[in-house]
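Participant: I'll drop the sequence and a predicted model, then ask my questions.
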Amino acid sequence: MKISVLVSIVLGFGLVVAALGLMATYGVIPKEPTPAERALQQLKEMELTPVSDANVSLETDTDLIDFGTLEEGVQVTRDFPMKNGGTDPLRLTLNPSCGCIRVKDREVEILPGETLIVPITIVTDDLYGIVNDKKVLIHLKGASEKQLMAININAVVTRPLELLPPKLTFNRLLAHETVTRETKVYAQHDRDFEITGFRLRRPDTADHFDVTYRRLEPSELPEDGKHGWLVTVTVKPGLPTGSFKQVVELTTTLEKALDTQLEVEGNVVNDIAIVAIGGSFAPKYNLLTLGALHQAQGGQAKLKMLIAGEYADKIELGVPVCEPEFVKITFGERKLLNNGAASEIPFDIEIPPQSPLVSKMGKARDEMGKITIPTNHPSMKEVVILLNFAVEN
């Protein structure tokens with residue numbers, strides 16, 4: 001009986017040992033780690049266990065990097081020192097707030113007592129004006145990702161060159177006038193520059209513009225300017241009536257502003273203008289279109305000559321010259337307007353019935369009819385009206 005009980009106990013103990021072995025084999029009971037596994041686990045625990053707040057001390061002299069005044073389109077780097085004043089290594093992640101701020105390494109480590117120099121770069125390609133909302137956020141690396149500080153970024157980004165005024169405007173320019181406007185082309189940054197030449201982008205009116213330039217004296221610079229040039233644009237007589245635009249492309253020695261564009265615009269008016277009461281009239285060209293006329297009927301148009309300026313009540317008209325000669329022009333009585341500030345003279349242009357068959361419907365000026373009216377105006381010695389018509393059967 002005693003032997004049976006002993007055998008049962010031994011067999012039972014063996015079954016338990018066997019069961020425990022099977023459980024360990026299949027992971028129900030964890031195995032004892034090997035030395036290599038234990039070392040790896042310790043490394044993981046060091047990486048995932050946040051540093052105690054009592055041992056964290058990130059020391060900096062300031063939380064600000066001021067890049068000062070920069071040109072648009074440049075990259076500038078400043079060094080930012082950080083010291084580990086604690087007793088544990090600091091594993092940090094650096095996260096810029098935008099793509100215009102860059103760091104050399106996103107993850108860094110600083111041993112106790114050491115100072116790390118972190119290069120931080122600003123890229124000004126897409127920036128302009130005052131920059132004060134960019135940051136580099138510094139967090140502890142690990143499970144907590146606690147933010148330790150934010151490095152604030154300040155800068156003032158200027159264009160390579162500024163123009164004051166940025167555009168030159170010539171309003172109500174009389175056709176016979178010579179008028180000058182000026183602009184200051186200057187830099188807010190420290191790099192000096194020179195204007196080496198210019199080009200007029202619209203060749204059709206280039207002959208009516210003169211461009212000169214000289215270096216600005218220090219007393220002539222705008223308050224925010226460090227170097228600059230005075231550019232003078234002169235509009236000469238002869239531009240056609242109506243609006244005009246021109247672009248002066250200035251060549252400089254600055255890499256970021258090799259071609260700086262100055263826009264010029266305005267409108268040319270005359271003391272004497274022609275308006276049509278009926279018919280098709282293009283005032284820009286003083287072109288009256290009568291179209292195809294039946295020989296038996298002819299054609300007629302009523303127009304007015306408007307005179308402004310000091311010659312409003314003094315204008316005198318000579319004998320018109322008509323081409324073809326059968327074209328007739330008849331003037332009405334002068335009428336003063338706006339208390340004598342202006343006047344108008346009505347007139348009729350007629351292609352009489354039974355006029356010779358002719359075609360004056362070409363596109364070139366010498367293929368059209370023309371009426372030339374002499375005047376005593378000092379700058380408009382004559383008023384020319386073009387005629388586009390044909391006399392047909």
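Facilitator: Ah, there it is. The shown structure was predicted, so the numbers you read here are calculated from the model rather than taken from an experiment.

Participant: Does anything pack onto the helix or strand hosting K134? Which helices or strands?
Facilitator: For K134, the host element (DSSP states H and E) is strand 129-140. Applying 3 or more C-beta pairs under 8 Å, 6 or more residues apart in numbering; DSSP states H and E, one finds that strand 129-140 makes contact with strand 90-96, strand 101-103, strand 115-123, strand 147-158. Any C-beta I mention is one placed from the backbone N, CA and C, and that applies to glycine too.

Participant: tell me the mean pLDDT for it?
Facilitator: The pLDDT scores in strand 129-140 average 92.

Participant: contact partners of that strand?
Facilitator: Contact with strand 129-140 is made by 50-51, 56, 58, 67, 82, 90-98, 100-101, 103, 120, 122, 145-157, as judged by C-beta atoms under 8 Å, 6 or more residues apart in numbering.

Participant: Just the buried residues of those residues.
Facilitator: Neighbour counting by 16 or more other C-beta atoms under 10 Å classes 51, 56, 58, 67, 82, 90-94, 96, 100-101, 103, 120, 122, 151-153, 155-157 among the contacts of strand 129-140 as buried.

Participant: Who are the contact partners of F326?
Facilitator: Going by C-beta under 8 Å, 6+ apart, the list of residues near F326 reads 351-352, 355-356.

Participant: What are the boundaries of the helices in the stretch 101-250 of the chain?
Facilitator: In the stretch 101-250 of the chain, no helices are found when defined by DSSP state H, counting those that start in this stretch.

Participant: how near is the nearest residue to G225 once chain neighbours are set aside to D125?
Facilitator: Closest residue to G225 apart from its sequence neighbours, by C-beta to C-beta, 6 or more residues apart in numbering: Y186 at 3.8 Å. Distance check for Y186 against D125: by C-beta to C-beta, to the nearest Å, it reads 22 Å.

Participant: Which one of those two is surrounded by more residues?
Facilitator: Shown here are Y186 and D125; by other C-beta atoms under 10 Å, Y186 has more neighbours (21 against 11).

Participant: Can you name the residues bridging to that one?
Facilitator: Y186 has these beta-bridge partners by DSSP bridges: E162, G228.

Participant: Show me what stretch 271-290 is in contact with.
Facilitator: Here stretch 271-290 makes contact (C-beta under 8 Å, 6+ apart) with 174, 240-242, 291, 299, 301-309, 311, 315, 346, 349, 351, 368, 375, 377, 379-380, 383-389.

Participant: and the residues you listed, which are buried?
Facilitator: The neighbour-count test (16+ other C-beta under 10 Å) marks 174, 241, 299, 301, 303, 305-308, 311, 315, 349, 351, 368, 375, 377, 380, 383, 385-389 as buried among these.

Participant: Identify the residues contacting the nearest residue to V118 once chain neighbours are set aside.
Facilitator: Take V118 and drop its neighbours on the chain: the residue closest to it by C-beta to C-beta, 6+ apart is F80, 4.7 Å away. Going by C-beta under 8 Å, 6+ apart, F80 touches 60, 65, 117-120, 151.
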